[in-house]
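>>> Pasting the sequence and the predicted model now:
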Amino acid sequence: MEKERQLEEGVSTRVKIAEAATKLGLPQQTLRVFLQNGKFTEFGEAIKRNGSSHWNYYINRNRLDNYLQIKNEPNQKKIS
């Protein structure tokens with residue numbers, strides 16, 4: 001349902017490296033290297049096809065937004 005709504009509204013579920021890097025406060029190349037090394041699997045991945053030197057990146061908009069929301073929430077006080 002959510003994907004259908006986004007497609008109707010013209011919102012892609014895929015985020016470009018430039019947008020994700022800006023949201024994360026990272027240089028684009030740093031984000032690429034992190035994804036290639038398996039970091040940030042919560043919202044994205046890097047795929048290298050056999051026999052190619054090029055990488056493809058997939059970053060999911062909803063998962064990135066959820067990740068950023070969790071990272072930006074104020075710390076909860078522990079209940080003793």
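Received, thanks.
>>> Number of residues surrounding the closest residue to V15 other than its chain neighbours?
Nearest non-adjacent residue to V15, counting by Cβ to Cβ, 6 or more residues apart in numbering: I59, 4.3 Å away. The C-beta positions use only the backbone N, C-alpha and C, and glycine is treated the same way. Neighbour count for I59, taken as other Cβ atoms under 10 Å: 23.
>>> for the one 4 residues further on, same thing?
Burial of R63 is recorded as 16 neighbouring residues (other Cβ under 10 Å).
>>> T41 is in contact with that one, correct?
No - here R63 lies out of contact with T41, judged by Cβ atoms under 8 Å, at a distance of 9.6 Å.
>>> other SSEs contacting the lengthiest helix in the chain?
Taking DSSP state H as the criterion, the chain has its longest helix at helix 61-72. Applying 3 or more Cβ pairs under 8 Å, 6 or more residues apart in numbering; DSSP states H and E, we find helix 61-72 packed against helix 17-24.
>>> Just checking, which helix or strand of the chain averages the lowest pLDDT?
helix 2-9 (a mean of 54; mean pLDDT, DSSP states H and E).
>>> Could you list the low-confidence segments of the chain?
Within the chain, the segments meeting pLDDT under 70 span 1-11, 72-80.
>>> can you rerun that using 90?
For the chain, the stretches with pLDDT under 90 are 1-13, 70-80.
>>> Next, the angle helix 17-24 makes with the longest helix of the chain.
In terms of direction (axes from the mean of the first three to the mean of the last three Cα atoms, to 10 degrees), helix 61-72 departs from helix 17-24 by 20 degrees.
>>> What is the distance between helix 61-72 and the centre of its chain?
The chain centroid and the centroid of helix 61-72 are separated by 8 Å, computed with Cα atoms, centre = their mean, to the nearest Å.
>>> wait, E42 sits on L68?
No - at 10.2 Å, E42 does not count as touching L68 under the criterion of Cβ under 8 Å.
>>> isn't P27 right next to A18, touching?
No - taking contacts as Cβ under 8 Å, P27 lies outside contact range of A18: 10.4 Å.
>>> circling back to that earlier point, dump the residue contacts of the residue nearest to V15.
Residues counted as contacts of I59 (Cβ atoms under 8 Å, 6 or more residues apart in numbering) are 14-17, 20, 35, 43-44.
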